[in-house]
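Engineer: Kindly generate the corresponding structure for this input.
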Amino acid sequence: MQNVDAAGLGIGDSYSPRIMGVLNVSEESPYEPSVFDEPSGAAAYVDERLIDQGADIVDIGLESANKRFSVLSADEELKRLDTAIETIASVSGDAVFSIETRYHEVAAAALDAGFDMVNDICGFADPEMPRVCEEYDAPVVKMASPPDLERPGAVESPEEIYEALQMNGFTDKTIIDPAFGGWSAEKTLEDDRETFARLEEFRELGRPILVSINRKNFLRELAGRSTDDALPVSLAATSMAVERGAHVIRTHDVAETRDAAIIGREFSQYRPSETRLGIEELDDVSQGIERHFEQSDGSPDSSVIRTFELSGLSTVDQTCLSTLAAEYGATFIHGERGFSLAQPKRCRRSPRTVRRALSVRKWMTITRRSNQYWKRSKSG
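Structural biologist: Numbering: from 1, shown residues only. Next up is the predicted model:
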């Protein structure tokens, strides 16, 4: 997993989850408490309701991306950018400032004026966006979208989302966003729930993940809650998202979301361990088989084609790998030299795959995935 530096703020597996608070300078935006059309009130909101409550990043939107509204042009967004620029100049607190836009011209103007990063809601549909972000060495959130500036987030299944995120590639500082929410009439609540259930699959892209799930319909409908009463379901989903590998949580409820993210991180399989995982494949296969069976008090098995010696396994990794080894016909043993794994001929996995299996419990994931995803994972 590639970490990203956002104006000195680290984002990725090596860091705590980051909270992105939201400010809107667009009158169309539906969440009224976050909407301002003048800089002084906006700056006070950023200081008191976002930064003081734990926001690491402040994302400022220039227009509502709701599909019910007409799309603003780049020139129309630029007219609203002045309010956003005056706002960040008036903020007293310390945060990374992100501009939400779909146009490279707006991104460049914002970065010139002091913004630190870009939130591209059209996922590089503007092919100049990656170039601009690279020129400014700016992090950029790439939301899964079709190659169409007027249809942000209009992708449905996890497979389509995965493919959309790869469109036009990545910069060195790209953060990916699977685009939760009703961005198109075709997208269903079940589509969002499936994407959330398979969230860790997007880690295969090797980039930090941002999720925007605050009070979303696909969560509210499960509990039968209105938007006003949906904070508890958002917080439950936040902990789950972080546990599954999300790195940035975009929210209007900063203080509460921060606490939920801390809990998710504490129990996440992706939290860095103080003990470094060690995996060594024994070069001498016959010696490896002998050593393996010395520890198990058994007899050498000619079907074993490779053995590994493992160190630094967490209790979770030990349990996971033991279960998966049995499932795939391999043998997992705790002996004097640490842990050993002997793989049968039908379980041809490289040391790199074994390392990934241990660090992110990949083998357990494979048992739940479709054949299509498994083929893509192998080829990647």
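Engineer: Spit out the contact partners of Ile85.
Structural biologist: Ile85 makes contact with Ala110, Ala113, Gly114, according to Cβ atoms under 8 Å, 6 or more residues apart in numbering. All C-beta atoms are positioned from the backbone trio N, CA, C, and that covers glycine.
Engineer: okay if I get those as CSV plus secondary structure?
Structural biologist: Shown next, in CSV, are the contacts of Ile85 (DSSP: H, G, I helix; E, B strand; the rest coil):
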residue, secondary structure
Ala110, helix
Ala113, coil
Gly114, coil
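Engineer: So which residues of the stretch 151-300 of the chain form helices?
Structural biologist: Assignment of helices within the stretch 151-300 of the chain using DSSP state H, counting those that start in this stretch yields the ranges 158-166, 189-197, 217-223, 231-243, 254-266, 285-296.
Engineer: Ok, which of those comes nearest Asp137?
Structural biologist: helix 158-166 (21.4 Å; Cβ to Cβ).
Engineer: Give me the residues contacting that closest one.
Structural biologist: In contact with helix 158-166 (Cβ under 8 Å, 6+ apart) are residues 123, 142, 144-146, 155, 176, 178-179, 194-195, 198, 201-202, 205, 372-373, 376.
Engineer: can you do 10 Å?
Structural biologist: Residues from elsewhere that reach helix 158-166 (Cβ atoms under 10 Å, 6 or more residues apart in numbering): 123-125, 142-147, 153-155, 157, 174, 176-180, 187, 191, 194-199, 201-202, 204-205, 207, 209, 370, 372-373, 376.
Engineer: before we move on, back to that, now render the contacts of Ile85 as TSV, adding pLDDT, distance to Ser239 and neighbour count.
Structural biologist: Output for the contacts of Ile85, formatted as TSV (pLDDT from 0 to 100; distance: Cβ to Cβ, whole Å; neighbours: other Cβ atoms under 10 Å):
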residue	pLDDT	distance to Ser239	neighbour count
Ala110	98	32	28
Ala113	96	36	16
Gly114	95	34	11
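Engineer: Tell me the one of these nearest Leu219?
Structural biologist: Closest to Leu219, out of all of the contacts of Ile85 and judged by Cβ to Cβ, is Ala110, at 30.9 Å.
Engineer: Where is the longest helix in this structure?
Structural biologist: helix 74-90 (DSSP state H).
Engineer: which element follows that helix toward the C-terminus?
Structural biologist: Proceeding N to C from helix 74-90, the next assigned helix or strand is strand 96-101, under DSSP states H and E.
Engineer: quick one on the thing from earlier: could I get the contacts of Ile85 as a markdown table with distance to Ala246?
Structural biologist: Formatted as a markdown table, the contacts of Ile85 follow (distance: Cβ to Cβ, whole Å):
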| residue | distance to Ala246 |
| --- | --- |
| Ala110 | 25 |
| Ala113 | 29 |
| Gly114 | 28 |
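Engineer: Looking at the residues you listed, which one is closest to Asp5?
Structural biologist: For the contacts of Ile85, the nearest to Asp5 is Gly114 (17.4 Å; Cβ to Cβ).
Engineer: Just give the nearest non-adjacent residue to Glu221, would you?
Structural biologist: The shortest distance from Glu221 to any residue other than its chain neighbours is 5.5 Å, reached at Leu189 (Cβ to Cβ, 6 or more residues apart in numbering).
Engineer: Let me see the contact set for that neighbour.
Structural biologist: Contacts for Leu189 were tallied using Cβ under 10 Å, 6+ apart; they are Gly182, Lys216, Asn217, Phe218, Leu219, Arg220, Glu221, Leu222.
Engineer: and the closest residue to Glu186 other than its chain neighbours, what does it touch?
Structural biologist: Nearest residue to Glu186 in three dimensions, chain neighbours excluded: Glu156, at 6.0 Å (Cβ to Cβ, 6+ apart). Contacts here follow Cβ under 10 Å, 6+ apart; on that basis Glu156 touches Ala179, Trp183, Ser184, Glu186, Lys187, Thr188, Glu190, Asp191, Asp192, Glu194, Thr195.
Engineer: Output the helices of the stretch 151-300 of the chain in JSON lines, with distance to Ile19 appended to each entry.
Structural biologist: Output for the helices of the stretch 151-300 of the chain, formatted as JSON lines (distance: least, Cβ to Cβ, whole Å):
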{"stretch": "helix 158-166", "distance to Ile19": "22"}
{"stretch": "helix 189-197", "distance to Ile19": "19"}
{"stretch": "helix 217-223", "distance to Ile19": "18"}
{"stretch": "helix 231-243", "distance to Ile19": "9"}
{"stretch": "helix 254-266", "distance to Ile19": "5"}
{"stretch": "helix 285-296", "distance to Ile19": "47"}
